[in-house]
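Student: pasting the sequence and the predicted coordinates here, then a few questions.
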Amino acid sequence: MLFTEVPPLERPAYAVQAGFDGVEILFPYDVPVAEWARALDGVPLALINTPPGDWASGERGFAAVSGMEARFRDTFLRGADYATRLGAARLHVMAGVGKGPVAEEVFLSNLAWAAAQAPDLHLTLEPLNPSDMPGYFLNDYDHAARMIDDLDVATVGLQFDLWHATRLYGQAAVVWDAHKSRVSHVQISGFPNRAEPGGGGFDLTALCSDLDAMRYDGFLSAEYVPAAGTLKGLGWLTALKGRSALIGTDG
């Protein structure tokens, strides 16, 4: 989403030059691992997503999709392989389109299996708002928190996205205060538009202070659509640099 002015493999270098401490890659799977490794050249990789399937046809992952357990296992293992070989700190498990008790049962079963298959990986669950992701199973932070608590696996945590939390609840601070103890990865953006971070009644400096107090060991990842080119809108990054939370960009 950032540095789209250049091809994907060039973005890690641009991100570091711009002052980011690491990068996040949504879906790295169209490029061989070796090419990404060369492009990263030691730059920390904050997070990748599990393969979503055929995006154009509406697939958004398979973890909560009944009847697609085999497909989930195949895609998860591919994602875990990429994450491990590239040193990704987090792997976001995409739930897919589904609803109801059966989808939840499938989701929890698949997550337990995934955590056992990749015990050294931190897996994240991210609720997505239905306007941006219609039909997506995981669209409520309270629901996600309950399932994380029910699963009770130390390597499975919550992915807090400022944009989605605000779209879902109106006030992202309410979500953060209720669930920050479960958070394993943080993504920030602006509101009411998903542009440069800021607005929406959310204090980013206070967020950094909370992360410091929590001894958070992940990244504060920038996931937004630049209003007028990536480099022109990095004043927020300058303002937040110096905090202990590392800053990453979604490439």
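Tutor: Yep, it's here. Just so it is clear, the model here is predicted, and its values are computed rather than measured.
Student: rest of the way, CA atoms for contacts and neighbours
Tutor: Fine.
Student: quick check: buried residues in the helix or strand encompassing Val102?
Tutor: Element membership of Val102 [criterion: DSSP states H and E] is helix 100-117. Of the residues in helix 100-117, those scored as buried under the neighbour-count criterion (16 or more other C-alpha atoms under 10 Å) are Ala103, Glu104, Val106, Phe107, Leu108, Asn110, Leu111, Ala114, Ala115.
Student: ok, stretch 79-97 next?
Tutor: When neighbours are counted by 16+ other C-alpha under 10 Å, the buried residues of stretch 79-97 are found to be 79-80, 82-84, 86-97.
Student: where along this protein do the helices fall?
Tutor: 11-18, 33-40, 69-86, 100-117, 141-151, 162-169, 172-179, 204-214, 235-240 (DSSP state H).
Student: quick one: closest of the ones you listed to Pro52.
Tutor: Pro52 lies closest, by C-alpha to C-alpha, to one member of the helices of the chain: helix 69-86, at 8.0 Å.
Student: and that closest one with helix 33-40, angle?
Tutor: With axes from the mean of the first three to the mean of the last three C-alpha atoms, to 10 degrees as the basis, helix 69-86 and helix 33-40 are set at 40 degrees to each other.
Student: give me the mean pLDDT for helix 69-86.
Tutor: What helix 69-86 shows for mean pLDDT is 98.
Student: what about stretch 87-104, how long is it end to end?
Tutor: Across stretch 87-104, the straight-line distance between its terminal residues is 30 Å, by C-alpha to C-alpha, to the nearest Å.
Student: show residues contacting it.
Tutor: Counting contacts by C-alpha atoms under 8 Å, 6 or more residues apart in numbering, the residues outside stretch 87-104 that touch it are 44-52, 59-66, 76, 79-80, 83, 107, 121-126, 135-138, 159, 185, 218.
Student: and if we set it to 7 Å?
Tutor: Contacts of stretch 87-104 from elsewhere in the structure, counted by C-alpha atoms under 7 Å, 6 or more residues apart in numbering, are 45-50, 52, 59-66, 83, 121-125, 135-138.
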